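*Asks:* Please work out how this folds:
(2 chains)
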Amino acid sequence: MATPERSEPPARGAVAQKILDGGREPDPRFTLANERTFLAWIRTSLALLAGGIAVEAFTGSVFDPLTRTVLGTVLLGLAALLALTAGFRWVRVERAMRHGRPLPLPLIVPVLATGGAVAAVVLLVFLLIRPA
Amino acid sequence: MRRPPARPPAEALHRDPGLQPERTVMSWDRTLLALFVAAVMFLRWYATVGLAALAPAGLCGLAAMAIHLTQRRRYGLQSLGVARERVEADVFSVLWMMVLVVALAVLGALAIWVI
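*Replies:* Purely as a prediction, here's the structure:
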């Protein structure tokens, strides 16, 4: 595969430039690692999304409609929250690297842990009290 | 039988022993697979909610196709970037991926509540 030769700095659109917020180009390895971290979060989000849809599509014989609706909505809500957080975190990490600042803490981790724990407890309770 | 003309030896696009471009491109591949799983879940839901499940499933498929078709270009750009110690942060891909997953979640929630 032929590699296109370019010697000038990467040309960016105005939007990308505004989002990246100036600074110096970081080590390319860090930029790629940040991209992979974002993708890992997005996959987690997609798993929650698929889980939410699965609750709706597969559990008709296990849960009453209200439980299904609530559980599915909570999972979908978490999925959306996680995707948004992942995107904003990617931008914040990218900016921090470009300005040599310390990386931001992942605030979503406690949120996700709490959400997962709540969902698991809800599931357990409903499985226990459901008529045999 | 004639042998095909010898090809010049393949030239490595980068010399990064950490294989960063490979890992990143494969990470996109895993994301593509996750999209595929989500699409299948939406399709399974078709019997209940009909077209409301077909739209997000199609969206997942389109996104997976878009990722697949840009993989080669992505690998080229990232290899070049690593070789030159200067890689362009892929703002566009990150943003559309984020918007896509949020849109999928919203479509799913709409299908749950409206239909």
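*Asks:* Do you have the helices of chain B handy? List them.
*Replies:* B:20-44, B:46-49, B:51-83, B:91-114 (DSSP state H).
*Asks:* pLDDT weak spots in the chain?
*Replies:* Let's take chain A. Applying pLDDT under 70 to chain A flags residues A:1-11, A:131-132.
*Asks:* you looked at the wrong chain, it should be chain B
*Replies:* By pLDDT under 70, the weakly predicted segments of chain B are B:1, B:8-9.
*Asks:* Would you mind measuring from residue B:54 to residue B:36?
*Replies:* Plainly put, residue B:54 is 16 Å away from residue B:36 if you go by C-beta to C-beta, to the nearest Å. Where C-beta positions appear, they are placed from N, C-alpha and C, glycine not excepted.
*Asks:* let me fix that: residue B:11
*Replies:* For residue B:11 relative to residue B:36 (C-beta to C-beta), the value is 33 Å.
*Asks:* just residue A:73 next, same as before
*Replies:* In terms of C-beta to C-beta, residue A:73 sits 24 Å off from residue B:36.
*Asks:* Likewise for residue B:83?
*Replies:* 32 Å.
*Asks:* Likewise for residue A:81?
*Replies:* As for residue A:81, its distance to residue B:36 is 23 Å (criterion: C-beta to C-beta).
*Asks:* any idea what sits nearest the residue positioned nearest the centre of chain B, other than its immediate chain neighbours?
*Replies:* By C-alpha atoms, centre = their mean, chain B has its centre lying nearest to residue B:67, at 3.0 Å. Nearest residue to residue B:67, sequence neighbours excluded (C-beta to C-beta, 6 or more residues apart in numbering or on different chains): residue B:32, at 4.7 Å.
*Asks:* Please work out how many residues are found near that neighbour.
*Replies:* Number of residues near residue B:32 (other C-beta atoms under 10 Å in any protein chain shown) recorded here: 18.
*Asks:* Surely it is in contact with residue B:62?
*Replies:* No: Residue B:32 lies out of contact with residue B:62 (C-beta atoms under 8 Å); the separation is 11.7 Å.
*Asks:* Can you get me the centre-to-centre distance for the longest helix along chain A and its chain?
*Replies:* Of all segments of type helix in chain A, defined using DSSP H, the longest is helix A:65-98. Relative to the chain's own centre, helix A:65-98 is displaced by 5 Å; criterion: C-alpha atoms, centre = their mean, to the nearest Å.
*Asks:* Just the buried positions in that helix, please.
*Replies:* By 16 or more other C-beta atoms under 10 Å in any protein chain shown, the buried positions in helix A:65-98 come out as A:67-69, A:71-87, A:89-91, A:93-98.
*Asks:* tell me the angle it makes with helix B:20-44.
*Replies:* Note on geometry: by axes from the mean of the first three to the mean of the last three C-alpha atoms, to 10 degrees, helix A:65-98 and helix B:20-44 are set 160 degrees apart in direction.
*Asks:* helices or strands next to helix A:65-98 in the packing?
*Replies:* Secondary-structure packing of helix A:65-98 (3 or more C-beta pairs under 8 Å, 6 or more residues apart in numbering or on different chains; DSSP states H and E): helix A:14-20, helix A:28-58, helix A:108-129, helix B:91-114.
*Asks:* centre of the chain versus the second one, how much separation?
*Replies:* Put plainly, it is helix A:28-58. For helix A:28-58, the distance to the chain centre is 5 Å (C-alpha atoms, centre = their mean).
*Asks:* Counting by contacts, list what it packs against.
*Replies:* Other elements packing on helix A:28-58 under the criterion 3+ C-beta pairs under 8 Å, 6+ apart are helix A:65-98, helix B:20-44, helix B:51-83, helix B:91-114.
*Asks:* switch to 6 Å and redo it
*Replies:* Counting contacts by 3 or more C-beta pairs under 6 Å, 6 or more residues apart in numbering or on different chains; DSSP states H and E, helix A:28-58 packs against helix A:65-98, helix B:20-44, helix B:91-114.
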